[in-house]
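Enquirer: Based on what follows, work out the 3D shape:
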Amino acid sequence: MAGRGHLEHRSQGRLWTTFPARDQYITDDHIPFLEAGIPAVDLIDFDYEDQGESFWHTKNDTLDKISAKSLKIVGDVVLLSLDSIEALIKD
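Expert: The predicted structure is shown next:
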């Protein structure tokens, strides 16, 4: 998984201790950017409360399904990564 080591390093002792690896390619909103040559990352949550019903990309994919815990983790990872992202942009 590209970037996985970076996330583990950046979050060490502060966020998740592990990031689950998936053996599947995720088709999501980031794909058109990648196809256009624009670097992109897909921050996606697979830890749903109701495993039996998927709301993802349906009319029921509404704000009440958002996990505050997941948003905090994503926000923390982004904030911890900003200096590295800036360095990549400058290179």
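Enquirer: list the buried ones in the helix or strand harbouring Leu88?
Expert: Secondary structure from DSSP states H and E places Leu88 in helix 68-90. Judged by neighbour count (16 or more other C-beta atoms under 10 Å), helix 68-90 contains these buried residues: Ile73, Val77, Leu80, Ser81. (Each C-beta comes from the backbone N, C-alpha and C, glycine too.)
Enquirer: Pick the one among those residues closest to Leu43.
Expert: Distance to Leu43, by C-beta to C-beta, is smallest for Val77 among these, at 7.5 Å.
Enquirer: Give me the distance between that closest one and Ile85.
Expert: Here the criterion is C-beta to C-beta, to the nearest Å. By it, Val77 lies 11 Å from Ile85.
Enquirer: What helix or strand is Leu34 located in?
Expert: Using DSSP H and E, Leu34 falls within helix 31-35.
Enquirer: mean confidence score for stretch 72-86?
Expert: Regarding stretch 72-86, the rounded mean pLDDT is 82.
Enquirer: Using CSV, list the CA coordinates for that stretch.
Expert: The C-alpha atoms that make up stretch 72-86 are tabulated as CSV, following Å, rounded to 0.1, in the frame of the first residue of the first chain:
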residue,chain,number,x,y,z
LYS,A,72,-10.8,13.3,13.9
ILE,A,73,-8.3,10.5,12.8
VAL,A,74,-8.3,11.8,9.2
GLY,A,75,-7.9,15.4,10.4
ASP,A,76,-5.0,14.4,12.7
VAL,A,77,-3.3,12.5,9.9
VAL,A,78,-3.7,15.4,7.5
LEU,A,79,-2.4,17.9,10.0
LEU,A,80,0.6,15.7,10.8
SER,A,81,1.4,15.3,7.1
LEU,A,82,1.2,18.9,6.0
ASP,A,83,4.9,19.5,6.3
SER,A,84,5.7,16.4,4.2
ILE,A,85,3.1,17.4,1.6
GLU,A,86,4.6,20.9,1.4
